[in-house]
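> Return atomic coordinates for the entry below.
(chains A and B)
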Amino acid sequence: MFKELNPLLHSELRLAVMSILIGVEDADFVFLRQETGATAGNLSVQLDKLAKAGYIEIEKGFRGKMPRTVCRITDAGRDAFEEYVEALQSYIKR
Amino acid sequence: MEERKLDAQESIELITRMIRNTRQRLERHSGRPFLIWGYTTVAISLLNYALNLTGADPLWSLTWFLIPVLGMLLMRLFPEKKSTDPHTEIDRIVNALWLVCSLALIPIFIICIFHGWSYRTSLFMLIALVMSIGAASTGLIVRSKIYTVAGFLGMGLSVLFALYDYALIYWHQPDGAPRNAMLFNNEILIFAAVFVIIMVIPGHIINYRTRHGK
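Numbers count the residues shown, from 1 in each chain, chains lettered A, B, ... in the order given. Model (predicted):
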């Protein structure tokens, strides 16, 4: 019996973002864009989807005079990521 | 990268790649805090050494408290260069470690002031030792040989204070009084030298390497 893969995480860009955030305290929007190679618009949309699901927190602020968006994973996001990896393992072990 | 569905194998590969790329950025190569705190401590030490040499009023020794004031001021005046690198668990651990080392200086001051009435403890030796422990631990945490070696060297050099005190016994007069009370003043030079070794030199090396991408 295969576990169902979380459709919110089973997308290339959202999974990449979650994989980065799982290993850090927080990450800058610019850093996420550089690492994933996504466009700003697309990344922004995907981050909003993750935030609406409660998987990440988005904090908008300033560094000096420059606007800065910082993202961090939530406990719910961490749990969802772990469940997703467990589900993936059941597919791979098949 | 698009919003496309992946198969299980692709998902695992993507997760592995992203985690690996982020881990490679875990070490924050910045010598800035080491240079600011190192140079501030050395400058104030040399100032106090000179004041003692010129026989200035003992109240001038309050200038030692300029170290935290100037250090914090300079940290604000010269903030970290804009970087998009993420904050990692390692950053949090290193910050917590230095917070503990800095707070440890408060009981050290109190111990040295009150012990001083009956028993002379070496304030310089204790501060140098705690800061060396901080540098060595930072080096081990961020896997930096420079900070690790400098920290352990500083821990070793802290012994110099005791050796110097021991040597002073041989310079005492027959009645036990020191030949020259100013000889104690030289401890400040040892203190400054330890800070050059544990903070100033490693800070410059790390900054040089960062600038030249080594």
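
> which stretches of chain B form helices?
B:8-23, B:32-53, B:66-77, B:89-115, B:123-141, B:145-157, B:159-170, B:186-195, B:201-211 (DSSP state H).

> And the residue most central in space within chain B, how close does it get to chain A?
The residue lying closest to the centre of chain B (Cα atoms, centre = their mean) is B:Met131, at 4.4 Å. Using Cβ to the nearest Cβ, to the nearest Å, B:Met131 is found at 25 Å from chain A. The C-beta positions use only the backbone N, C-alpha and C, and glycine is treated the same way.

> quick one on the thing from earlier: export the helices of chain B as a markdown table, with columns for mean pLDDT.
A markdown table is the format used below for the helices of chain B (pLDDT from 0 to 100):
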| stretch | mean pLDDT |
| --- | --- |
| helix B:8-23 | 81 |
| helix B:32-53 | 93 |
| helix B:66-77 | 91 |
| helix B:89-115 | 88 |
| helix B:123-141 | 93 |
| helix B:145-157 | 95 |
| helix B:159-170 | 82 |
| helix B:186-195 | 93 |
| helix B:201-211 | 88 |
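
> The helix of greatest length in chain A versus helix B:8-23: what angle between them?
The longest helix of chain A (DSSP H) is helix A:75-92. Here helix A:75-92 runs at 130 degrees with respect to helix B:8-23, directions being taken by axes from the mean of the first three to the mean of the last three Cα atoms, to 10 degrees.

> what packs against helix A:75-92?
helix A:12-21, helix B:8-23 (3 or more Cβ pairs under 8 Å, 6 or more residues apart in numbering or on different chains; DSSP states H and E).

> Going C-terminal from the shortest one, what's the next secondary structure element?
When you say that, I think you mean helix A:12-21. Sequence order places strand A:27-28 as the next helix or strand after helix A:12-21, per DSSP states H and E.

> quick one, what contacts the closest residue to B:Leu74 other than its chain neighbours?
Nearest non-adjacent residue to B:Leu74, counting by Cβ to Cβ, 6 or more residues apart in numbering or on different chains: B:Ile36, 4.7 Å away. By Cβ atoms under 8 Å, 6 or more residues apart in numbering or on different chains, the contact list for B:Ile36 reads B:71, B:74-75, B:78.

> repeat for B:Glu89
Here B:Glu89 is in contact with A:24-25 (criterion: Cβ under 8 Å, 6+ apart).

> distance of it from B:Thr210?
For B:Glu89, the distance to B:Thr210 equals 21 Å [Cβ to Cβ, to the nearest Å].
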